[in-house]
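Undergrad: Got a sequence here, can you build the structure:
(chains A and B)
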Amino acid sequence: MADTTPKPQELSKIDHKPPLMRGWMDTPVEIKKGIACYGAKGKDLEAVGFPNARDWNPLEEDWKLPEGWQDIVQEGFKDRLGKFRSMKLFMDICVRCGACADKCHFFIGSGDPKNMPVMRAELIRSVYRKNFTTGGKLLGKLAGARDLTEDVLKEWWYYLYQCTECRRCSLFCPYGIDTAEVTMLGRELTNLLGLNTGWISAPVANCNRTGNHLGIQPHAFKDMIEFFVDEIEDVSGIKVEPSFNRKGAEILFITPSGDVFADPGTYTCMGYLMLFHYLQSMGLDITWSTYASEGGNFGFFTSHEMAKRLNAKMYAEARRLGVKWILGGECGHMWRVLNQYMDTWNGPADFLEEPVSPITGTKFENAKSTKMVHITEFTSDLIKHNKLKLDPSRNDHHRVTFHDSCNTARGMGIFEEPRHVIKSVCNHFYEMPPETIREQTFCCGSGAGLNAGEDMELRMRGGFPRANAVKHVHEKHDVNMLACICAIDRAVLPTLMEYWVPEVGVTGVHELVGNALVFEGENERTTDLRGEPLAGMEDDENV
Amino acid sequence: MNFIVSILFSFCAVLLVVLIPWIGVGALDLRVLFGIIVPYAAMATFFVGITVRVIGWARSPSPFRIPTTAGQQWSLPWIKHSRIDNPKGTAGVIVRMIFEVLTFRSLFRNTRLEYRMAEDGPKADYEWEKWLWLAALVFHYSFLVIFIRHFRLFIEQVPGFVQVLNSLDGFMQMGVLPIPGLNVPEVYLTDMLVMLALTYLFVRRIYIPQIRYISLPADYFPLFLLLGLGFTGILMRYFLRVDITAVKELAVGLFKFHPKSPEGIGVIFYIHLFIISVLIAYFPFGKLMHFAGIFLSPTRNLSNNSRIKRHVNPWNYPVKYHTYEEYEDDFREKMIEAGLPVDKQPGTPVETGEKE
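TA: Numbers count the residues shown, from 1 in each chain, chains lettered A, B, ... in the order given. Purely as a prediction, here's the structure:
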């Protein structure tokens, strides 16, 4: 964590009352360190053909905007109004009832009034009114309209990159106005000017070329997985045998690359490997891909087009390998993309078959068209059919709660499947308060490309409501493990927990599965996948 | 611009709306203008404006299925599916929309943030908050009842249900407020409720700091118009009685497209009529369009079935993506070394160029 990040005691002095007399239009933006991310690098923008590729720094005065940038935005805005009914509608029908105001984790954690979802959208709407409505043209400020000046553009950028597109506000809006949609389209406009962040554009460039956001090359990707193979053998004595880029496999497995690279996602990855190995003798025929080695889609944080380009690889690889269907790992925005966009972008997947579990024979009718199944759907079906021998006591050292990721919650609705899996592999499970889970879940505070290092203050602020709910169950039920089904969660929640609720760890659901899975002929397990002693085995630690 | 300027501006605008017919009819006797031309123009603006707006929205497609899923998806047969909050098909969407439009279901979810510093650090709680939902519901339904009650003025033969509604709404006279001798007609419950709800909606706009901050003149203006409308209506009914037969003659004439401009209606009626004319003429230009917009809202009116059924984006276009061939060309040597299968052995001529 950056040294400059304020301590919790200091950071939690939050005033949620906006200034009384000074209106928001008269309050110019101040780009703050610790809140804003670094600017995109020229080489990363160039790698995917984004305009105005150059290095720039949002903390400096000169953003090196292209000539005629106002016209570019105006044209881009007009184009999107014609292409997206959502954009047009959401610009027009807000009544500013304020129901969304205190629903945003960034507003709750920062008190910055422009982080109220309604305000975030008003920043854009005000320009829309000026440029696209008669009332706005005639009455200006009195109609809530203003010109797109450089300061206004900077304000757009600053607040569009303080939104994690979690859609919590859209749940409470009486008209379903979705700030994620406004943010996504607003970010598209900033991308026309080359204004993205470093932590979004570098992963985009990497995903495009190497297939995953950290730029892990094929051989290194394989090395990482083989390292997990050894680790699994150490813990369980079982040697798993994953295959890569194997033509003719029945199923292609795609998971976010974070699972391959960063703790604690790596343990989740081991969980997948163990599950697949367990099922191998029962007829599972699955392959990994190094080309489509990224489930996550950082393109989704730049533009629909870039997201589509990155997403296209999944079907392309499934086609090349000749698999029947695709299994997707635990990831948040990946699943919003797969659920709500993929088929429309890159379908029809008529070269694939309707997914059927080779173990249970269950037809996944809910994935009939995309041919892509979520791993917790797959696993909970296995458990329901008693296909897995599980020993939940191996997770007895964990007292678990579950964080619904925003995208899988409000862009999909996968609530019961992961809970069913967790409850089958753990003996101690406790829910957080109802207004902080399921469809009302709070974001980790670092989604939508905000999981950089330089915006740590923003992340700790935005993650506060989530951490606050975890703290509640930590105090009440002694919860010490926060389970989730999202790679970004796994990457960012440990830092958040360390900051607000230091005694709570973070795990993927399939790490818990890996712990509980009982193999024939395995060694007696004394530790979990992390090498931490199981409950009752603490004394054996030094043996 | 701060909230005082916003309020003053809107208040003055509404004051002007009151003064125009006051002078126009009261001093200049422009009864035809304010009794016939303005209402017709307003209605025309209302219908044409709304049609233009709705067609304008409808012309932009909903390229992607982006429902906000507020419940369990339809997946495995033994998992209970949330049919309304995460609809799988049209039937579920219709029910969701009915609840949304008739009961303001999303607003009913509302909570209020309670943030405080406890001894061991900050705490956030999310408290019960249904007042906004209640006020919105009371306002909209009272307004609807009042609107329907007015049918007895628009239509010669008053339909039975209007009379029933009328007596239900006016039960107060018999039950609670019998004031014999004062010649006060029955008090309508909805008259009181609509004013109460509007007052609440106005007061919360200035009382709650966040709402005060986000409010624009465009938020105060319709509130003041509606308050003015209610106020003049109440004045007319209980205090400054007008010739109801003449009013009915004018109203029936308007609706039969046989406009008449009877004499002897008090100026208060023309103020009331002008306010409603301004209100309906303003409808297509501002946030009041939310009443039509909700029906088109893609986060509410689409089903969450895009994994089951393919949806087509009308402006979908092919994109360039980094193909496997390009990828293998980049990494072939390393892949072979690592024992990964490759499609082409080194030395084979390769095609380059990104795939459409």
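Undergrad: Break the chain down into its domains, please.
TA: In the absence of a named chain, this looks at chain A. A:24-196, A:204-516 (automatic domain parsing).
Undergrad: Wait, chain B was what I had in mind.
TA: Domains of chain B are assigned by automatic domain parsing as B:3-296, B:323-356.
Undergrad: quick one: which of those is nearest A:E365?
TA: A:E365 lies closest to domain B:3-296 among the domains of chain B, at 8.6 Å (Cβ to Cβ). Every C-beta, even on glycine, is put in place using the N, C-alpha and C of the backbone.
Undergrad: Can you check the distance spanned by the closest one, start to finish?
TA: End-to-end distance of domain B:3-296: 31 Å, with Cα to Cα, to the nearest Å as the criterion.
Undergrad: Tell me how far it lies from the chain's centre.
TA: Relative to its chain's centre, domain B:3-296 lies at 9 Å (Cα atoms, centre = their mean, to the nearest Å).
Undergrad: among the domains of chain A, which is the most enclosed?
TA: For these, the stretch with the most neighbours on average is domain A:204-516, a mean of 22; neighbours defined as mean count of other Cβ atoms under 10 Å in any protein chain shown.
Undergrad: if I pick residue 261, what's in contact with it?
TA: All of this refers to chain A. Taking Cβ atoms under 8 Å, 6 or more residues apart in numbering or on different chains, we find A:F261 in contact with A:L214, A:I216, A:M224.
Undergrad: if you could check chain B rather than the one you did, that'd help
TA: Contacts of B:S261 (Cβ under 8 Å, 6+ apart): B:R31, B:V32, B:G35, B:I36, B:L250.
Undergrad: ok, 6 Å please
TA: B:S261 makes contact with B:R31, B:V32, B:G35 under the criterion Cβ atoms under 6 Å, 6 or more residues apart in numbering or on different chains.
Undergrad: Could you find the closest non-adjacent residue to the first one?
TA: In space, and not counting its chain neighbours, B:R31 is closest to B:S261: 4.7 Å by Cβ to Cβ, 6 or more residues apart in numbering or on different chains.
Undergrad: Doesn't that neighbour lie inside a helix?
TA: No: assignment of B:S261 by DSSP: H, G, I helix; E, B strand; the rest coil gives coil, placing it outside any helix.
Undergrad: how far away is it from B:I268?
TA: 16 Å (Cβ to Cβ, to the nearest Å).
Undergrad: all strands of chain A, in order?
TA: Assigned by DSSP state E, chain A shows strands spanning A:251-254, A:286-288, A:325-328, A:372-374, A:400-403, A:481-484, A:505-508.
Undergrad: quick one: which of those is nearest A:L171?
TA: Closest among these, using Cβ to Cβ: strand A:400-403, at 16.5 Å.
Undergrad: outside of that closest one, which residues touch it?
TA: A:I422, A:C426, A:F429, A:Y430, A:M432, A:V473, A:V479, A:M481, A:L482, A:A483, A:C484.
Undergrad: okay, those residues in a markdown table with distance to chain B next?
TA: Below are the contacts of strand A:400-403 laid out as a markdown table (distance: Cβ to the nearest Cβ, whole Å):
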| residue | distance to chain B |
| --- | --- |
| A:I422 | 14 |
| A:C426 | 19 |
| A:F429 | 17 |
| A:Y430 | 18 |
| A:M432 | 12 |
| A:V473 | 14 |
| A:V479 | 16 |
| A:M481 | 21 |
| A:L482 | 17 |
| A:A483 | 18 |
| A:C484 | 18 |
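Undergrad: Which helix or strand in the chain has the lowest average pLDDT?
TA: Since no chain was named, I'll use chain A. Least confident helix or strand, chain A: helix A:258-261 with a mean of 91, by mean pLDDT, DSSP states H and E.
Undergrad: please go with chain B instead
TA: Using mean pLDDT, DSSP H and E, the lowest element in chain B is helix B:172-175, with a mean of 53.
Undergrad: Skip the chain neighbours and tell me the closest residue to A:L142.
TA: Using Cβ to Cβ, 6+ apart and skipping the chain neighbours, the partner closest in space to A:L142 is B:P217 (5.4 Å).
Undergrad: gap between the one you found and B:A13?
TA: 8 Å.
Undergrad: of the two, who's got more company?
TA: Counting neighbours by other Cβ atoms under 10 Å in any protein chain shown for B:P217 and for B:A13 shows that B:P217 has the greater number, 23 against 16.
Undergrad: Now do the same for the more buried one: its pLDDT.
TA: The model reports B:P217 with a pLDDT of 96.
Undergrad: in terms of contact, does it touch B:I4 like I think?
TA: No: counting by Cβ atoms under 6 Å, B:P217 does not reach B:I4; the two are 11.3 Å apart.
Undergrad: Spell out, range by range, the strands that occur in chain B.
TA: B:111-118, B:121-128.
Undergrad: Can you say which of the ones you listed is packed in most?
TA: Highest mean neighbour count of the strands of chain B: strand B:121-128, a mean of 16 (counted as mean count of other Cβ under 10 Å).
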